[in-house]
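Colleague: Have a look at this prediction, sequence included:
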Amino acid sequence: MNEKLLRELSAWLTQAGLAGTAETDIVSGVCERCVTAGIPLGRAHLFIDTLHPVHEGRLFRWGFGPNEPLVHEYGRTSLEGLDASGPVSLDVQATDSWRRGPFYNMLQTGASRLRRRLNADTKDEFSLLPDWFAAGMTDYVAIITRFAAEGIIGEMDAVYSSWGTRVPDGFNDGQLAALEGIVPYLALAIKSVSLARMTRTLMETYLGRDAGQRVLSGRIVRGIAERIDAVVWFSDLRGFTRIIDTAPEQVIPLLNDYSDVIVSAIHEHGGDVLKLIGDGTLAIFTAEDRMHACNAALSAAIAARQGVAELKKRRAAEDKPVTDMYLGLHVGKVFYGNVGSRERLDFTVLGPAVNEASRIAAMCRSVDQPVLISAAFADVADMKRRLVSVGRYALRGVSHPQELFTIDPDS
């Protein structure tokens, strides 16, 4: 083995972790350098758990066939620590593979390394070994690189790696020792990059895409806000209180179903969801050109209503509670930034335009219209050709009556 190349590999991994190199590039870079240095790897995979609303973790592959993706995001393999009565499902395939796999066995026994010479007698001992044996692997090594208690975040408590070779006699002692010396550096680099990715995901999931990016870029000083021009979207669900009172066990699944439809429509048309307030959704559409922002918001409104209509049919067919969306749209100047206490900040929008959007949405019940749009919005470019007036109304907290509009079904 080339000791110089192995020493350089440790330094390369350190730099890759600091640079935020993609996990797939780190894994392939390690494997290729190991081969060059004299460790005869045939294939490898590595996985790490994460904090994500859908995925439990990510698996990275090297040396597999062209039909095997380099990255696989797997769903939840355990409900431990969760309220299993909620709408949480297991990833059946990942769960079965995990529970019959070598790492589950190692966690039960407390082992950090497991090795199997692959042959007809050993290949069926664990779930993944038949595939590795069929691919020509003669030796298999599994390594768990555990984190200290202070370094654990959620279920991200270790890096799990598997290593195989096609050499007839398998790995020799020197090659195994070298591999075990490299793996901690690899685990640290993968953990570093995964933490950065996880942070971005959580920021965008809980704060919104644009707000999350702004916070990560350093816009975290209390009181710092930017005055921007934006379309403000405020929507909520019809009869939500009644549903809570009559079918409380259905509330969370119902909110999730309707939020999926509404938030997806907003995102697909370039909007940013800033806040989910019970059954309410606060979002903004921004653009250099106000007409572009208004067109995007109106397209999102139409898409959301179509999605809600389809969702109602599906839920009604399953005998589940259904409802509808009320939406208010307004355009104007808003303050966009940090507000709150020293210990708890919120990145949001504030200003009269936000209040008016909320008041307009609240008028939907009185006017019996699913969508209401302000005169300021309607006056942008040729927006009125797609709208129809529903009359002038006094809005609570707004000094003068406003003409309100809704979407023209014939436009």
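Modeller: The structure has been received and is ready for your questions.

Colleague: from here on, contacts and neighbour counts on C-alpha atoms
Modeller: Will do.

Colleague: the helices in the stretch 51-200 of the chain, which residues?
Modeller: For the stretch 51-200 of the chain, applying DSSP state H, counting those that start in this stretch gives helices covering 92-99, 102-109, 129-134, 173-207.

Colleague: and the second one, what does it pack onto?
Modeller: Contact partners of helix 102-109 among helices and strands, from 3 or more CA pairs under 8 Å, 6 or more residues apart in numbering; DSSP states H and E: strand 113-117, strand 139-146.

Colleague: let's see it at 6 Å
Modeller: When contacts are defined as 3 or more CA pairs under 6 Å, 6 or more residues apart in numbering; DSSP states H and E, helix 102-109 packs onto no helix or strand at all.

Colleague: ok, back up a step: reformat the helices of the stretch 51-200 of the chain as CSV; add mean neighbour count and distance to S161.
Modeller: As requested, the helices of the stretch 51-200 of the chain are exported to CSV (neighbours: other CA atoms under 10 Å; distance: least, CA to CA, whole Å):
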stretch, mean neighbour count, distance to S161
helix 92-99, 14, 13
helix 102-109, 15, 9
helix 129-134, 18, 14
helix 173-207, 18, 8
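
Colleague: Any idea which of those helices gets closest to L237?
Modeller: Closest of these to L237 is helix 173-207, at 20.5 Å (criterion: CA to CA).

Colleague: what's the angle between the closest one and strand 139-146?
Modeller: 50 degrees (axes from the mean of the first three to the mean of the last three CA atoms, to 10 degrees).

Colleague: Check which element follows helix 173-207 along the chain.
Modeller: Sequence order places helix 209-216 as the next helix or strand after helix 173-207, per DSSP states H and E.

Colleague: so how far is the helix-or-strand element of the chain with minimal mean pLDDT off the chain centroid?
Modeller: Counting by mean pLDDT, DSSP states H and E, the chain has its least confident helix or strand at helix 92-99, which shows a mean of 82. Its chain's C-alpha centre and that of helix 92-99 lie 22 Å apart, by CA atoms, centre = their mean, to the nearest Å.

Colleague: For that helix, which outside residues touch it?
Modeller: 77, 127 (CA atoms under 6 Å, 6 or more residues apart in numbering).

Colleague: For the nearest residue in space to T50 that is not next to it in sequence, give me the pLDDT.
Modeller: Distance criterion CA to CA, 6 or more residues apart in numbering; nearest residue to T50, sequence neighbours excluded, is G57 at 4.9 Å. Predicted confidence (pLDDT) for G57: 88.

Colleague: can you list contacts of stretch 104-123?
Modeller: 129-130, 138-144.

Colleague: Switch the residues you listed over to CSV; also include distance to R7 and pLDDT.
Modeller: Output for these, formatted as CSV (distance: CA to CA, whole Å; pLDDT from 0 to 100):
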residue, distance to R7, pLDDT
L129, 31, 96
P130, 34, 95
T138, 27, 97
D139, 24, 98
Y140, 24, 98
V141, 22, 98
A142, 22, 98
I143, 20, 98
I144, 22, 97
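
Colleague: Which single one of these is nearest to N338?
Modeller: I144 (41.5 Å).

Colleague: May I have the residues that are in contact with the closest one?
Modeller: By CA under 6 Å, 6+ apart, I144 lies in contact with 112, 159-160.

Colleague: quick one: which of these is nearest to Q175?
Modeller: S112 (17.4 Å).

Colleague: Which pLDDT value goes with the closest one?
Modeller: 97.

Colleague: Next: V88.
Modeller: pLDDT, read off for V88, is 53.

Colleague: Can you list the residue ranges for strands in the stretch 201-350 of the chain?
Modeller: Taking DSSP state E, counting those that start in this stretch as the test, the strands found in the stretch 201-350 of the chain are 225-237, 272-277, 280-285, 325-340, 345-350.

Colleague: average model confidence for the second one?
Modeller: Averaging pLDDT along strand 272-277 yields 93.

Colleague: Give me the sheet partners of that strand and which way each runs.
Modeller: Applying DSSP bridges to the sheet, strand 272-277 is found paired with strand 280-285 (antiparallel).

Colleague: quick one: contacts of the partner strand?
Modeller: Contacts for strand 280-285 (CA under 6 Å, 6+ apart): 230-236, 271-275, 293.

Colleague: among these, which two are most distant?
Modeller: Greatest spatial distance in those: D236 and A293, 20.9 Å, computed using CA to CA.
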